[in-house]
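[1] have a look at this fold, sequence not included:
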């Protein structure tokens with residue numbers, strides 16, 4: 001599996017500990033991965049490349065069986081759930097991009113007016129001074 005996917009054996013063991021993949025042991029105690037694990041490892045690689053945490057991959061794979069070859073429906077079910085999560089991330093990134101472009105472009109440097117760092121001057125309700133740095137030490 002390591003040779004075929006380019007993933008280090010130590011990483012494969014880690015993925016196995018997380019329940020992302022599964023192997024069987026030979027009589028010589030070597031790990032052997034069923035062929036259908038290639039897809040799972042490939043999806044883990046792609047997810048890592050785009051910055052998706054392994055815990056999210058683990059959640060997406062939760063409904064896909066480890067012990068048998070997953071069916072088309074198993075993968076479709078996982079894909080639908082993952083797509084919802086990715087869409088929410090995409091929207092959040094687009095909102096952040098919009099806010100950052102507006103913030104950087106406006107040049108106001110106003111903590112009172114800044115919609116990104118202090119929307120509606122919410123921090124002003126907590127009193128004067130820098131609120132993001134924590135309380136002052138006595």
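    Noted; the coordinates are in hand. Predicted, not measured: the structure shown is a model, and the values here were computed from it. Residues are numbered from 1 along each chain as shown.

[2] in this structure, which segments are predicted with low confidence?
    In the predicted model of the chain, residues 102-120, 122-123, 129-138 satisfy pLDDT under 70.

[3] what's the longest helix in it?
    helix 72-106 (DSSP state H).

[4] who does that one touch, helix- and strand-wise?
    If contacts are counted by 3 or more CB pairs under 8 Å, 6 or more residues apart in numbering; DSSP states H and E, helix 72-106 sits against helix 54-61. C-betas here are computed from N, CA, C, even on glycine.

[5] in terms of secondary structure, what does the helix it packs on contact?
    Based on contacts counted as 3+ CB pairs under 8 Å, 6+ apart, the elements that helix 54-61 packs against are helix 9-18, helix 37-49, helix 72-106.

[6] now with 7 Å, please.
    helix 37-49, helix 72-106 (3 or more CB pairs under 7 Å, 6 or more residues apart in numbering; DSSP states H and E).

[7] nearest to residue 22, of these?
    Relative to residue 22, the nearest member of the helices and strands packed on helix 54-61 by CB to CB is helix 37-49, separated by 6.9 Å.

[8] tell me which residues in that closest one are buried?
    The neighbour-count criterion (16 or more other CB atoms under 10 Å) identifies 37, 40-41, 43-44, 47 as the buried residues of helix 37-49.

[9] contacts made by that helix with the rest, please.
    Applying CB atoms under 7 Å, 6 or more residues apart in numbering, the set of residues contacting helix 37-49 from outside is 1, 4-5, 7, 15, 20-22, 57, 61.

[10] distance from the chain centre to it, please.
    Per CA atoms, centre = their mean, to the nearest Å, the displacement of helix 37-49 from the mean C-alpha position of its chain is 13 Å.

[11] please apply the same query to stretch 87-102.
    Taking CA atoms, centre = their mean, one finds stretch 87-102 lying 16 Å from the centre of the chain it belongs to.

[12] coming back round to it: between the contacts of helix 37-49, which is nearest residue 88?
    Checking the contacts of helix 37-49 against residue 88 with CB to CB, the nearest one is residue 57 at 15.9 Å.
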